[in-house]
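Chemist: only geometry, no sequence info:
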C-alpha cells in the first residue's frame, strides 16, 4: 500500500506499477517548443450545440453512445486517438460552461495569457461547495451517499492511501465540472487513474464494479457513482501533487445564483479557505476544529437541508443513508457551544 501524505507528496505519480498499464496513444517526446491551447467544448445534440462558444473547439459526442459515462466518453476517445504535445494545453468543457461561470472564451484565454507558464488552469464554479467541505469527496459523500467507501476501495486497487478526514482541497485544488485546462503532465496522470476506473466498471465483475455502476442521487436524473468519482479525480491529483503550477480563476467572482443565501457569508467562506491553507502549512489540528465549527454555522444559516445538530460527519455517510449525526467521538466535528 502506497501512503500519500495529505500535502507533501514528492516523486513520481502514479505508482510505477500503473504507469505502463495505460498510455495515451502514440505518446511521443516533444519536438518543438511552440505552445498551442486546445480547449474543446462538448456537445451531443442540437440544443447543446447551440450553447457552444465559437472561441472554443467543438467536440461532438456523436450519437451519445454511452450516456452512462457522460463527458468522460468523449474525453477518453480523444486521448486514445490523439498524440499529446508536452507543452500544449488541453481542456474539455461542457456546453454549460458559460452559464455556470459567466466566462466566455475570450476571458479564459486572457486569464491564461495573464498567468503564463502554468501546468494547470482551473475555472471552478460553486464557491460554497469548495469552501464548506474539507474536500470534494466530503461534498460528494453528502450528495452521493457512499462515495467515500467506494473511492477508498478503488484507491486500494491503485495502491494509494488517502485519509479523506484530513485531505484538503482549498480554492487552488477544488475543481468541479471538470473545468480544467492543463498540460499532459497533468492529463497523463489523470488518464491512468480514470482508465483503471473505466476498466473495472466495464468488466462488471465483483463488488467494486457494482458500486461504481450503482445509481446514486442527482438532482437532474439518476446517474452512476462512477460519473461523480471521475469528476473528482482532478481535485484528487491537485491535492496530491503540490509541485504542479496551478492558476485558479478567482472562484469568488463566479455566479451566486445557485444559492444566494451564501452571498451574505462570502467573508466567512474566504476564512474557511484560509483555515484549510493554514492547516496545510502547519499540520495544526486546531485549524481543522475551527474550520468545522465555522463551516457548520455557515451551512446552518445557508443550507435548508443541513441537519441543525451539534455533530455532523459527512465522511461516514454510507450508501442508502441520510446525512446523519454520526462520528460523535471525533472532536474535530464538534461545533463550539
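Modeler: Yes, it's here. Note that the structure is predicted; figures quoted are calculated from it, not measured.

Chemist: Could you please name the strands the longest strand anywhere in the chain pairs with and the direction of each pair?
Modeler: Across the chain, the strand with the greatest residue count (assigned by DSSP state E) is strand 37-43. Strand 37-43 sits in its sheet next to strand 57-60 (parallel), strand 89-93 (parallel), going by DSSP bridges.

Chemist: Of those, which stretch is the most buried?
Modeler: Each of the strands paired with strand 37-43 was scored by mean neighbour count; the highest is strand 89-93, a mean of 24, by mean count of other Cβ atoms under 10 Å. Using the backbone N, CA and C atoms, a C-beta is placed for each residue, glycine as well.

Chemist: Quick one: name whatever helix or strand follows that strand.
Modeler: helix 97-101 (DSSP states H and E).

Chemist: Compute the inter-axis angle for the helix or strand following that following helix and strand 89-93.
Modeler: The C-terminal neighbour of helix 97-101 among helices and strands, as given by DSSP H and E, is helix 105-114. Counting by axes from the mean of the first three to the mean of the last three Cα atoms, to 10 degrees, helix 105-114 lies at 150 degrees to strand 89-93.

Chemist: any idea of the mean pLDDT for helix 105-114?
Modeler: Confidence for helix 105-114, expressed as mean pLDDT, is 98.

Chemist: hmm, who's touching that helix?
Modeler: 37, 39, 53-56, 89, 118, 121, 123, 181, 247, 249 (Cβ atoms under 8 Å, 6 or more residues apart in numbering).

Chemist: Against residue 289, how distant is the residue lying closest to residue 306 once chain neighbours are set aside?
Modeler: Sequence neighbours aside, residue 299 is the residue nearest to residue 306 in space, at 4.2 Å (criterion: Cβ to Cβ, 6 or more residues apart in numbering). For residue 299, the distance to residue 289 equals 16 Å [Cβ to Cβ, to the nearest Å].

Chemist: repeat for residue 126
Modeler: For residue 126, the distance to residue 289 - Cβ to Cβ - is 25 Å.

Chemist: Residue 112 too?
Modeler: According to Cβ to Cβ, residue 112 stands 38 Å off from residue 289.

Chemist: Number of residues surrounding the residue nearest to residue 306?
Modeler: Other residues near residue 299 come to 22 when the count uses other Cβ atoms under 10 Å.

Chemist: again, but for residue 153
Modeler: Residue 153 has 14 nearby residues by other Cβ under 10 Å.

Chemist: I figured it was touching residue 208, is that so?
Modeler: Yes: the pair residue 153 / residue 208 is scored as a contact, 5.3 Å apart, by Cβ atoms under 8 Å.

Chemist: which of the residues in the lengthiest helix in the chain are buried?
Modeler: The single longest helix within the chain, with elements called by DSSP state H, is helix 184-203. Neighbour counts over helix 184-203 (16 or more other Cβ atoms under 10 Å) mark 184-198, 200-201 as buried.

Chemist: sorry, back to before: turn the strands paired with strand 37-43 into a markdown table, including distance to residue 105 and mean pLDDT.
Modeler: As requested, those are exported to a markdown table (distance: least, Cβ to Cβ, whole Å; pLDDT from 0 to 100):
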| stretch | distance to residue 105 | mean pLDDT |
| --- | --- | --- |
| strand 57-60 | 10 | 96 |
| strand 89-93 | 9 | 98 |
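
Chemist: Now render the ones you listed as CSV, adding distance to residue 271.
Modeler: As requested, the strands paired with strand 37-43 are exported to CSV (distance: least, Cβ to Cβ, whole Å):
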stretch, distance to residue 271
strand 57-60, 39
strand 89-93, 30
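
Chemist: right, and these - which one's nearest residue 260?
Modeler: strand 89-93 (24.9 Å; Cβ to Cβ).

Chemist: quick one: contacts of that closest one?
Modeler: 35-42, 56, 59, 71, 74-75, 78, 84, 112, 121, 178-184, 187.

Chemist: ok and it relative to helix 184-203, angle-wise?
Modeler: 40 degrees.

Chemist: distance between strand 89-93 and the chain's centre?
Modeler: 15 Å (Cα atoms, centre = their mean, to the nearest Å).

Chemist: Show me whatever sits in contact with both of residue 153 and residue 208.
Modeler: If you check residue 153 and residue 208 against Cβ under 8 Å, 6+ apart, no residue is contacted by both.

Chemist: In this protein, mark out all the strands, start to finish.
Modeler: Using DSSP E, the strands of the chain run over 2-3, 37-43, 57-60, 89-93, 120-122, 160-161, 180-182, 215-216, 223-224, 246-248.

Chemist: Turn those into TSV, columns for distance to residue 133.
Modeler: Below are the strands of the chain laid out as TSV (distance: least, Cβ to Cβ, whole Å):
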stretch	distance to residue 133
strand 2-3	23
strand 37-43	26
strand 57-60	30
strand 89-93	23
strand 120-122	17
strand 160-161	21
strand 180-182	19
strand 215-216	17
strand 223-224	20
strand 246-248	16
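
Chemist: Tell me the confidence at the residue positioned nearest the centre of the chain?
Modeler: The centre of the chain sits closest to residue 232, judged by Cα atoms, centre = their mean, with a distance of 3.0 Å. At residue 232, the pLDDT value in this model is 98.

Chemist: ditto for residue 254
Modeler: 89.

Chemist: I'd assumed residue 127 was in contact with it.
Modeler: Yes: between residue 254 and residue 127 there is a contact at 6.1 Å, judged by Cβ under 8 Å.
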